[in-house]
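# Sequence and predicted model, in that order:
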Amino acid sequence: MMATSICHGFVTIFSWLRAAQPSTTNLKGTAPVSYDVVCLRPEVEFLRAGVTPPRSLTIAYRAPDDPEVPALMATARALVIGAVGPRLPASLFENSKLKLAQVTGAGVDRFDEPTLKRLGIPVCNVPGGSNTAVGDYAVTTASVLLRRFAWADAEIRAGNYVKFRARMIADNLAGLDGLTVGVVGLGTIGLAVAQAFHKRGCAILYYDPAPRDPTAVAAIDARPVTLDELLRTSDVVTLHVPFLPATKGLIGAAQLALMKPDAVLIQVARGGIVDEAALAAHLEAGRLAGAAVDVYSTEPPDATNPLFALKGDAARRLLFTPHFAGITRQSTAILFKTAWDNVVRVVSRGEAPLNRVY
């Protein structure tokens, strides 16, 4: 869904790498050059995080739309990709020799699951590597929205210090202590977010038919509820579910209408889970105190996104970030190192992969 815009953004960063690596054909154009690993993100990203990809393996770094990728994939034993980027064509994996498809993050929605399952190619991720970063993001953005910090900044810059300060005091804005936080999706990341809010003195509700760690859930006194009850009761609603047919449009106009008018929504899951037009309408009508949006129905989002059309107070209730909630220097290093360790485990040592999703 993001192929054209994101792939074009890779061109510059990959261009210098191409000069350092041979083409997939030799000078006579008769035989392909074989690599152990095809990596669809530039080497410089790993080095910047302080992680050196394994020198024991030959690695071809290419942009996802590079015309040499299909030939490279036919002979490589492992593929490494980021969690965010264009969906990969199922045809890339047909007749390949891949022993591992490794994501340097949590999400695996760039793959065609039925195809990789049919071909028996293990798909692995790095669960939990960005837990702390996402927890920090959710707690921070909830506080920024509830207490209107970003909104106040804009008003002060516009010369409205006195008037807006008086409005903030009159509105009796809440901090996090004692609030109810509803977590939709209590997997690895959702649990970490719930724990972060619990540490700030919040009561935790969750909607998830099969939480990953019941013992950890009990330790923070989190209570299971229906989605409707969670939406009606929570002061903060934070989303942490994968993008699946069952979660597409999970939060639409009917669900938003259940939320308290002074509640805030944290959209840090995947684009397409929230109906952006419905969210824009609720913010415009003042029926929601705010929303932090880190993921979008198309990425990068285009100018027609209804959230970008909001003006005045409605726009001030929005906090945009560029699919960045889980990215810090520390989390990136953990994600990269864990991913490459798994590649070495499979390709060099012939062992079964860790963190296999399917």
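Sure thing, it's come through.
# Residue ranges in the stretch 1-150 of the chain under the pLDDT threshold?
Counting by pLDDT under 70, the stretch 1-150 of the chain contains low-confidence ranges at 1-32.
# can you pull out the strands in it?
Taking DSSP state E, counting those that start in this stretch as the criterion, the stretch 1-150 of the chain carries its strands at 37-39, 59-61, 78-81, 100-103, 123-124.
# Tell me which of those lies nearest to Lys260.
Proximity to Lys260 (CB to CB) singles out strand 100-103 among the strands of the stretch 1-150 of the chain, at 36.3 Å. (Each C-beta comes from the backbone N, C-alpha and C, glycine too.)
# so what strands line up beside the closest one?
strand 78-81 (parallel), strand 123-124 (parallel) (DSSP bridges).
# With distance to Ile334 and mean neighbour count added, can I get the ones you listed in CSV?
Listed next are these as CSV, based on distance: least, CB to CB, whole Å; neighbours: other CB atoms under 10 Å:
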stretch, distance to Ile334, mean neighbour count
strand 78-81, 15, 25
strand 123-124, 15, 22
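# and Gly326, which of the ones you listed is closest to it?
Nearest to Gly326 among the strands paired with strand 100-103 is strand 78-81 (15.7 Å), distances taken as CB to CB.
# Off-centre distance for that closest one?
18 Å (CA atoms, centre = their mean, to the nearest Å).
# for Phe197, what are its contacts?
138-139, 142, 176, 181, 183, 204, 236, 238 (CB atoms under 8 Å, 6 or more residues apart in numbering).
# Farthest-apart pair in those residues, please.
The largest separation in the contacts of Phe197, counting by CB to CB, is between Leu176 and Val183 at 14.0 Å.
# okay, those two: which has more neighbours?
Val183 (32 against 18; other CB atoms under 10 Å).
# where's that one, which helix or strand?
Using DSSP states H and E, the element containing Val183 is strand 180-184.
# quick one: buried residues of the following helix or strand past that strand?
Following strand 180-184 in sequence order, the next helix or strand is helix 188-199 (DSSP H and E). For helix 188-199, burial by neighbour count (16 or more other CB atoms under 10 Å) applies to 188-198.
# Dump the residues you listed to TSV, plus distance to Ala314 and pLDDT.
What follows is the buried residues of helix 188-199, written out as TSV (distance: CB to CB, whole Å; pLDDT from 0 to 100):
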residue	distance to Ala314	pLDDT
Thr188	34	91
Ile189	29	94
Gly190	28	96
Leu191	33	97
Ala192	31	96
Val193	26	98
Ala194	29	98
Gln195	32	98
Ala196	28	98
Phe197	26	98
His198	31	98
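# and which of those residues is nearest Gly120?
Thr188 (25.2 Å).
# circling back to that earlier point, mind checking which of the strands of the stretch 1-150 of the chain is nearest Ala269?
Closest among the strands of the stretch 1-150 of the chain, using CB to CB: strand 100-103, at 16.1 Å.
# which residues sit against the closest one?
Contact with strand 100-103 is made by 77-83, 93, 110-111, 116, 121-126, 339, 342-343, 346-347, 353, as judged by CB under 8 Å, 6+ apart.
# what's around Arg167, how many residues?
So Arg167, with other CB under 10 Å, has 15 neighbours.
# Likewise for the one 4 residues further on?
Under the neighbour criterion other CB under 10 Å, Asp171 is assigned a count of 11.
# So Glu351: helix, strand or coil?
Here Glu351 is coil, with the state taken from DSSP: H, G, I helix; E, B strand; the rest coil.
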